[in-house]
Every structure is written in C-alpha cells, then in structure tokens.
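# Structural data only, the sequence is not supplied:
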C-alpha cells in the first residue's frame, strides 16, 4: 500500500519519481472524471493536465485530513468547471436558462449500460445539464453547493438537474432498447 | 425504483470509473512541474546581478585614487602644499584677497613670470587654466613661494562666493582688477553661471566639485503613502457581482465560504456571492539604489526595495447556512466560524521585493533644488502576505500564498527636489506614483492592479566627481 504521506512529502521536495508515482496512481480515475465533464477526449486530457498541474501547485495545502484521492478529485472537478467557463464553445451551453423545456420523466429505469456508454450519454447532455448532473448525481454535491459553484440559484440547479435527469433516463431507455434491438435509433446515434 | 436508486446506480457505475490517460499528458504535467521549480530558482538571478552591480559600483565610486583626484577637490579646502597653482608675485597681506574664490584667483597669474602664458590665461576659463597648469608641468613657471600659495588657497579660504562679490586686488598689470574686462570676470565657462563651486567647467556643475555631476550616486530612500488595488491607476473598486466565495486558508472548496456584501451595502443575492469593494490602505517602501550619470541631465538608476502595501477589501459579512470561515486577517488556518452578523474589513497585506530601474532627468540642474523627474519600471516579486485572492480551483477567494507568489511588473513615475544639502550628499523629497502593469492576482476574472502613491524621501551620497576633467 502506498504511503500517501511520504508520497506527498516527496512530491513537495521535488522528487520527480514521486511526482510520477502520484500521477500514475490517480490519473486513470481523474481522466474518468474529466471525461464526464467535457465533450471530447482532447478536452478531457487538457483538463486532466491542467488539473494535475494545479494539484502539484497546491499540494502543500493538503492537510492529510481526508483522502488524497478525494482532494485531487475536487481539484479536478473545479478545474473542469473553470475549463467550461473559460472556453467559448462551452459558454453558450452554460447559460442555465430556465426556458429550455425538456420532458420530465418520472420513471426510473434500471441502468444496465457500461460505464463508458453511460459516460458517453452524459456527455451528450447540454453542457449545463451535464455539469449539474455530474455534480449532483455522481459527486454528491447538494444543489446549494452547486449553485454556489456555478454562480446560479439553487432553484435553477434543482430544475436543471430534474430536466437533465429526465433526458438521461430517456436516452438510457433508448440505448437499452438499442442494445437489445440494434436497429432502434438512439438520441444522437453515436454511442 | 426509488429516486435515490438512479443516482446510486450512476454513482456506482461512474464514480471510480477509470480511463487510461495517454503518455504525453504525463510528460507534459511533469515537465510543467519541473519548469515551475526551475523558474523559482531563476528568480534569484536578477537579485544577485543587482547586488553585484551595486557592490562593484560602490567600489569604483568610492575608491581613493589620489592621482586622479580632480583639481577642484584639491583646490577647495585642502592643504596648500597639495594645490598646483601658477606663480604669483608676493601680494601684501593687507590686500591678499582671502575672500576671492580659488577659481578667480587661479586667473590672477603673473604674466611676467612667463610671457608665453598670458594669452592662454586670458583666453581660457579659470578651470581650463588650472588644468593646463597641471598638465604642462614642463612649461609651468616656477612654483610660488609658500606664502603666496597660502594667500591664494589657504585652507580657511571660503570656496563659495557669489559671482557679484567684490574682488579686492592690488592693481597690478596682471591683477584681477586689470583683468576685469578679460574672460576672468566676464567670460569663460563660469560667466553667467554658478561660480560658487569653482570647478568652472560646466555651468550646470553644482555642488559636485565643479566638474560634472558625480558619476555615481547612492541613495537610501523611504516612502509612504496610499496603496490600493483596482483597475489600472485606480486605488479602489466598487463591489461587483463576481460569483465567488470568500474563504480562508482552511477552507475546503465547496463547504466553506463567506458570502459578502459590497462596500455600497448591497447584499448579495441568494446563492450568488459578491466581490466586495476594495479601498486604499497604507503602504510604505524602503530601499537602496545606485545611479550612474548618463549625461549632464540624465542618470540611470537601479535599486532594490521592499514594499509593504495594504489594501482594504470588504466589508465582508459572515452569513449563510454554511459553515462560514472567518475572513479574518489571520492566516495559518483560522477556523473560527464568525457570528453571522459580523461585518469586517479584510486588510490585504502585499509584500514585494522590487528591482526598480529608472531614468531620471534633471529638469533644472542650475537651480539649488535641482528638481528631477524619474520614470521607470520595477519588476517585483510578490512574495509574502496574507491577501485574499481568487482561486479558480475552488471558485472562490482564499488566503493562500501559492496564489499570490508571482512576478509582477510595475511602472513608476516621480518627482524629486533637493531640500537639504550636506557635504557629500543631499536629502531630497517628492511625490511618486507606482502603478501595476500586471495583474495583482494570478487568475481571471479578478484583474486588479496594485497601485501606490505617496511621498518619497531620499538620502543621496554622491560619489567622486568625474575623473575625466575636460
């Protein structure tokens, strides 16, 4: 088992081996996080790179009060959100407008898709929905926290999440049908 | 299926899902970290260069070199035996012009002792004459008697005299009276200029031994005034809707944060924080510099100074259903949850180590105050403090040294005039303005500049005058 404390101290001392080890330890999981927040593999890798640079830059502030992985994940999530805010092609979809109407689905399908397929479906949501769904459903942030992170009202986060969720459920159902009957059309046909 | 199940399934499926990152990302990350470390080391190089330059400059400026000591220095207040003076006939003590400045007396050479000397003397300026005398030792007339030298350049003789002061000399054919219409009185480099310093080479040469302004000058300075952060050349900023939280160093991302209200008192709307207003605080600087003469009016100056600049940010409210950490002026992870009615103003303390590089222009070198204007840039290392700065990783403000340790570039503009003179230096004072070119904070969306204005007081120690006597 890796001694996290020693690893962090070695990284802070500038040991490149330790830095590489830290990266190897968490990069796979963090790329999974970045993948869910972005629309392309290249963007996910950009966020991963930027996020790890932030991790090494702020590593001296890790207090060993929680898990290192959770701390790195939080930095990755924030890096991803900033990436979305910063890049023009995401900004329009981050408008969080309440007038975007989507059907509200009340049923709850059992998710039988693989992680990759599920992640791909989430990536096809509009960027705002995608971020809120990731933050609430997967990371476990409350709507109050999401509102503060994204600079939106708590109520907006709640309603956007409901719509994102309904849309995703529709797609999951369609995807499940698709896997059961390959001829059936999917939401955007590329998953 | 209950509502929670869907989220749980998503979480189970995706929370720990991994993908294999491509190797180039790894290389890029590690290279970026390595570069950052290397850059940190390189920051000390400019500091070392400046200190080395200052040390060398000091050595050369104050090195004693009797053979190269300017004539003006020797003429003023040094023992008579060391003064190279042309021969003069004995002058009765009663009329010995003890009050006559050396430069004028240098012109009162007995032409009869060396007829060939007369045209040169009469056509030359006093200083030029003195130089000629020194350089042409072979043609020089015989050395004067000790009494003559004493009368001419007695140690007690004043070296300063207004140009219109009466000159009492024996009316001999070669005396100053006889030469009253010659360049000695009316012409030469000193005519219309300042005769007081008696070096006489340049009219602008004042208090510098008479040749040129000193080649090197060293300065210790201190300044105080108002410092503020805001847009370029602003010392404050109104509250803005910026969607950021305030946190202290102990804050952990999304669980902490202190919503704030602006200086105007407008409360932040629900779920949206406000960037508090910024106001000016007190700043001070101490530093040293060395300057080198570029021409009679221009000098180049380099230095090293320390600045502490405070700015005020707030008022900040402790408020909200969250565990709010106090945005107090205490670093080191103060985890105090404030009473929610607390309103406080946070004082940002920025500390900078600057390397100011200026060019100064002497506006009126002939005047006593010698006013000058300086303009330059000052790369600075913002190295310490406990300022609240925006951290994009946490989407909020926090006190974290890693956020504000960075290089920044400032410009500076100032005016200085001499207010007090003493042997070997002077004291000057004047207003100044330092304005940050680069952003004070590393990250968008906050783009404040650190600005600082006030009064600077400096103590200058003038190095030896130019060795290149014309």
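Arrived safely. Since the structure is predicted, the reported quantities are computational estimates derived from the model, not experimental observations.
# When you work out contacts or count neighbours from here on, use the C-alpha atoms and nothing else.
Noted.
# just for chain B, where's the confidence low?
Within chain B, the ranges that satisfy pLDDT under 70 run B:1-4, B:38-47, B:50, B:57-213, B:238-276, B:314-346, B:384-404, B:441-446, B:463-470.
# Please, which helix or strand holds residue B:52?
Per DSSP states H and E, residue B:52 falls inside helix B:44-62.
# Check which helix or strand the nearest residue to residue B:19 once chain neighbours are set aside maps to.
Counting by CA to CA, 6 or more residues apart in numbering or on different chains, residue B:19 lies nearest to residue A:28, which is 4.9 Å off, once chain neighbours are set aside. Applying DSSP H and E as the criterion places residue A:28 in helix A:16-37.
# centre of the chain versus that helix, how much separation?
14 Å (CA atoms, centre = their mean, to the nearest Å).
# same check, this time on stretch A:34-54
Mean C-alpha position of stretch A:34-54 versus that of the full chain (CA atoms, centre = their mean) differs by 10 Å.
# Report the buried residues of that stretch.
Going by neighbour count (16 or more other CA atoms under 10 Å in any protein chain shown), the buried part of stretch A:34-54 is A:34-39, A:43-54.
# low pLDDT regions in chain A?
A:1-2, A:88-112, A:178-191.
# all helices of the stretch 351-470 of chain B, in order?
Per DSSP state H, counting those that start in this stretch, the stretch 351-470 of chain B carries helices over the ranges B:401-404.
# so what are the domain limits for chain A?
For chain A, automatic domain parsing gives the domain ranges A:4-86, A:95-178.
# Redo these as TSV? Include distance to residue B:407.
Putting the domains of chain A into TSV (distance: least, CA to CA, whole Å) gives the following:
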stretch	distance to residue B:407
domain A:4-86	16
domain A:95-178	29
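# For residue B:434, find the nearest of those.
domain A:4-86 (29.9 Å; CA to CA).
# re the thing from before, buried by neighbour count: which residues of the helix holding residue A:28 qualify?
Residues A:16, A:18-19, A:22-23, A:26-37 are the ones in helix A:16-37 that count as buried (16+ other CA under 10 Å).
# Show me what the following helix or strand past it is packed against.
Downstream of helix A:16-37, the next assigned helix or strand under DSSP H and E is helix A:41-57. In terms of contacts (3 or more CA pairs under 8 Å, 6 or more residues apart in numbering or on different chains; DSSP states H and E), helix A:41-57 is packed against helix A:16-37, helix A:68-86, helix B:23-42.
# 10 Å - rerun?
Contact analysis of helix A:41-57 by 3 or more CA pairs under 10 Å, 6 or more residues apart in numbering or on different chains; DSSP states H and E lists helix A:4-12, helix A:16-37, helix A:68-86, helix B:23-42 as its packing neighbours.
# tell me the angle that helix makes with helix A:68-86.
With axes from the mean of the first three to the mean of the last three CA atoms, to 10 degrees defining the directions, helix A:41-57 sits at 120 degrees from helix A:68-86.
# chain center to helix A:41-57: distance?
Relative to the centre of its chain, helix A:41-57 is centred 13 Å away, using CA atoms, centre = their mean.
# returning to that earlier point: mind putting the helices and strands packed on helix A:41-57 into JSON lines with distance to residue A:146?
Compiled in JSON lines, these are given as follows (distance: least, CA to CA, whole Å):
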{"stretch": "helix A:4-12", "distance to residue A:146": "29"}
{"stretch": "helix A:16-37", "distance to residue A:146": "14"}
{"stretch": "helix A:68-86", "distance to residue A:146": "11"}
{"stretch": "helix B:23-42", "distance to residue A:146": "29"}
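# Who are the contact partners of the residue nearest to residue B:19?
Contacts for residue A:28 (CA atoms under 10 Å, 6 or more residues apart in numbering or on different chains) come out as A:48, B:16-22.
# try it again with 6 Å
Going by CA atoms under 6 Å, 6 or more residues apart in numbering or on different chains, residue A:28 touches B:18-20.
# Kindly report the same for residue B:308.
Contacts for residue B:308 (CA under 6 Å, 6+ apart) come out as B:283-284, B:350-351.
# That one belongs to a strand?
Yes - assessed by DSSP: H, G, I helix; E, B strand; the rest coil, residue B:308 belongs to a strand.
# Which strand residues bridge the nearest residue to it once chain neighbours are set aside?
Nearest non-adjacent residue to residue B:308, counting by CA to CA, 6+ apart: residue B:351, 4.6 Å away. Counting by DSSP bridges, residue B:351 is bridged to residue B:308, residue B:384.
# number of nearby residues for residue B:351?
Neighbourhood size, residue B:351 [other CA atoms under 10 Å in any protein chain shown]: 24.
# how close does it sit to residue B:433?
Distance of residue B:351 to residue B:433, given as CA to CA, to the nearest Å: 17 Å.
# biggest helix in chain A, by residue count?
helix A:154-180 (DSSP state H).
# quick one: contacts of the helix or strand hosting residue B:229?
Following DSSP H and E, one finds residue B:229 within strand B:216-230. Contact with strand B:216-230 is made by B:61, B:235-237, B:280-292, B:309, B:311, B:448-463, as judged by CA under 6 Å, 6+ apart.
# Please narrow the residues you listed to those residing in strands.
Judged by DSSP state E, these include B:280-292, B:309, B:311, B:449-462 as members of strands.
# In space, what's closest to residue B:32 - neighbours in sequence excluded?
Leaving out its chain neighbours, residue B:32 is closest to residue A:53 (CA to CA, 6+ apart), at 7.1 Å.
# Going by neighbour count, list what's buried in stretch B:416-434.
B:416-418, B:425-434.
# could you flag which of the contacts of residue A:28 are buried?
B:18-19.
# could the contacts of residue A:28 be laid out in a markdown table, adding secondary structure?
A markdown table is the format used below for the contacts of residue A:28 (three-state DSSP):
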| residue | secondary structure |
| --- | --- |
| B:18 | coil |
| B:19 | coil |
| B:20 | coil |
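# burial count for the residue of the stretch 51-200 of chain B found nearest chain A?
Chain A sits closest to residue B:51 of the stretch 51-200 of chain B, with a gap of 28.5 Å, by CA to the nearest CA. Residue B:51 is flanked by 16 other residues according to other CA under 10 Å.
# which bits of chain A sit near chain B?
Residues of chain A that fall close to chain B, judged by CA under 6 Å from any CA of the partner chain: A:28-29, A:31-32, A:49, A:53, A:75, A:78-79, A:108, A:115, A:137-138, A:147-148, A:151, A:153.
# and the gap between residue B:351 and residue B:289?
In this view, residue B:351 and residue B:289 are 19 Å apart by CA to CA.
# before we move on, what about residue B:11?
According to CA to CA, residue B:11 stands 62 Å off from residue B:289.
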